[in-house]
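K.L.:
next come a sequence and a model predicted from it.
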Amino acid sequence: MPAFLVVFAQSHSEFRIPELESVAKLHGFAISFPSDCDPSRPFMIITLELEEHAHLLARRCILIKQIYELYGQGNTYDELHMANKANSHLWSPYVQDTSFKFSINAYNHRIHESRQRSIMESFTYMKFAGKIDMKNPQIILGCFEEYDTALGLREDRDGNFHQVYFGRLVADGSARALIQMFDVKKRLYYGNTSMDSEVSLLMANQALASPSKLIYDPFCGTGSMAYPIAYFGAQVFGSDIDGRQMRGKDGQGQPPGVFRAAQQYGVVDRIMDLCTFDVTRNPWRCGNLFDAIVTDPPYGVRAGAKRLGRRKELSEEKKAANIEHQLAARTTQQPYIPPTKPYELSLLAADLVLLSRYLLKPQGRLVFFLPTVNEHYEEVDVQSMLCDGMELVANSLQDFGSWGRRLVTIQKTTSEAYLPPSFDGEMRETTGHVPAHKDFREQYFRGFKKDSDVQ
Amino acid sequence: MVRLITHNLLACHVKGCTSNNFPLEFKDVQVVVRQSEFNPDFLRGFIAKIEWTALVGAARELGDTSLPEMQPETLDDDFLHTLHHVLLEIHVEEGVMICPNCKHNYPISSGIPNMLLAEHEIG
């Protein structure tokens, strides 16, 4: 199978392989990685059956800058040229009369112009007879030197690269333009908890968003997840315990905020509906409904998760008075706002997995962010959230230093019907394992110190 | 903009209200019809989830009688267009949805239904 060189944008390295795999799955083609693949490096060799597949990846993967057909790589230029000569069948069709240009680049380094020229000249054995066209070449040949670090003097570093790659440009990553298009600052409606556009696009890709799918966000908020998902063609349903988040403040005469932003992106038609309810007290008539559930649950730094209920139960006397008051409010059509209590993050996460098993179609995916304390995180934190019929697909860290958030992708692997969850985790027996995301909000405001460190 | 596709999926969920709690009845509604893109694959995928009688009833409540009493066995293009219109183009902007069993009122405001339960209605 042909090998391709992927040049990545320099961010979200743990999301690179999951995104490639998701987009390949969405389009139904195979992708494979070398056994020693290191996703933290900005260059990656992948194998694909057809060049067309590379175009599909470049059109949809947010993290791809470019894809090249790989002609050779090496620890040295000698190795590179040897590999390139062995692959002459790949480039011989372009020898006769194809216009071309060279692009010589380095990662963590800048190659002096004189050496750029000598690198180009070292490829003269390819005997390209077409004209060199710097503006509109038919093909671009790229050569990349990859350096481990940009530290130290440029002169000392020059030539001491980790690896050098050479190939023909197949496609520029056109999906990266969507990051600008969905920029939160240019959005007509957003809030202080809106998800940045690059990450929300990555989530849409993990969810395999595409036309004719139905996707649900149970913590819809200001709708950050809905826009890219709808843009990729799926119908989106959003719910939130707090209707004000979805409506916004502009109030009278204006459509709700989420609809206004969706209108801006031309996708308002694909917001199936928005609905105010507490997901732990939900009105879904049946399960097995959605192709994906994609959400960024509130975890308490700016806004904590809430569910219906009270922190402390009322006395019987107060309860009776309360019910009377509520019924009176109901008849006069006054908007009644029920009391809420905090929804602890590790309970919320476990409930979300159970709810998704009920609401997802078989093979459907749950994609959500889980904040965690990096120092205390263990793999079992995520493993212990899983239940029968729900399997982990990907778990990628976005690192903020002492804490981070993990984008977790879970797939429903069962076609059995399950009952809706009981949401009574407070009463549930625990296994004794305390995940690093438990009481995240409290840990955050303590500065992630252990109890024993706090006086 | 409660569409009939959404109405077909929502049941009353008040504590103890577990039978005759679907479909919710519309009252005092303001309806708007908005054109939307026709996606036959979406409809074919969704049709198995529809409670047909409830959908036909809700459409008639809102003055649309285009759907047949019985769900047809073959999904031809004409039928899919009709189904598309009923499921996705009729929006209830304002009004109330009422549980036929416990009579709980779920108000709809600017197209967003409030399905929150009061304190005494949760388990």
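P.N.:
Happy to help now that I have it. Not measured: the values here are computed from a predicted model. Numbers count the residues shown, from 1 in each chain, chains lettered A, B, ... in the order given.
K.L.:
check which helix or strand the residue of the stretch 51-200 of chain A found nearest chain B maps to.
P.N.:
Sorted by distance to chain B under C-beta to the nearest C-beta, the residues of the stretch 51-200 of chain A start with A:Tyr189, at 13.3 Å. C-beta here means a position set from N, CA and C on the backbone, and glycine is covered the same way. For A:Tyr189, there is no helix or strand it lies in under DSSP states H and E.
K.L.:
could I get the contacting residues of it?
P.N.:
A:Thr222, A:Gly223, A:Gly248, A:Gly257, A:Val258, A:Arg260, A:Ala261 (C-beta atoms under 8 Å, 6 or more residues apart in numbering or on different chains).
K.L.:
return the subset of those lying in helices.
P.N.:
A:Gly257, A:Val258, A:Arg260, A:Ala261 (DSSP state H).
K.L.:
widest-spaced pair of those?
P.N.:
A:Val258 and A:Arg260 (7.3 Å; C-beta to C-beta).
K.L.:
so between these two, which is more surrounded?
P.N.:
A:Val258 (28 against 18; other C-beta atoms under 10 Å in any protein chain shown).
K.L.:
quick check: neighbours shared by A:Val258 and A:Arg260?
P.N.:
Common neighbours of A:Val258 and A:Arg260 (C-beta under 8 Å, 6+ apart) are A:Tyr189, A:Gly248.
K.L.:
wait, is B:Arg44 part of a strand?
P.N.:
No: assessed with DSSP: H, G, I helix; E, B strand; the rest coil, B:Arg44 is helix; it does not lie in a strand.
K.L.:
about what we covered before: which residue is the nearest non-sequential neighbour of the residue of the stretch 51-200 of chain A closest to chain B?
P.N.:
Spatial nearest neighbour of A:Tyr189, excluding adjacent residues (C-beta to C-beta, 6 or more residues apart in numbering or on different chains): A:Gly257 at 3.4 Å.
K.L.:
verify the stated contact: the one you found with A:Thr222.
P.N.:
Yes: A:Gly257 lies in contact with A:Thr222 (C-beta atoms under 8 Å); the separation is 6.6 Å.
K.L.:
shared neighbours of these two, anything?
P.N.:
Listed contacts common to A:Gly257 and A:Thr222 are A:Tyr189, A:Met246, A:Gly248; contacts here mean C-beta under 8 Å, 6+ apart.
K.L.:
now the residues you listed in a markdown table, with pLDDT?
P.N.:
Below are the shared contacts of A:Gly257 and A:Thr222 laid out as a markdown table (pLDDT from 0 to 100):
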| residue | pLDDT |
| --- | --- |
| A:Tyr189 | 92 |
| A:Met246 | 92 |
| A:Gly248 | 88 |
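K.L.:
please identify the one among the residues you listed that lies nearest to A:Asp388.
P.N.:
Distances from A:Asp388 to the shared contacts of A:Gly257 and A:Thr222, taken by C-beta to C-beta, are shortest for A:Met246, at 33.6 Å.
K.L.:
shaky segments in the stretch 101-250 of chain A?
P.N.:
When residues are selected by pLDDT under 70, those of the stretch 101-250 of chain A lie in A:250.
K.L.:
quick one, phi/psi of whatever residue of it ends up closest to chain B?
P.N.:
Residue of the stretch 101-250 of chain A nearest chain B, by C-beta to the nearest C-beta: A:Ser212 (3.9 Å). The phi/psi pair for A:Ser212 (degrees, to the nearest 10) reads phi 70, psi 10.
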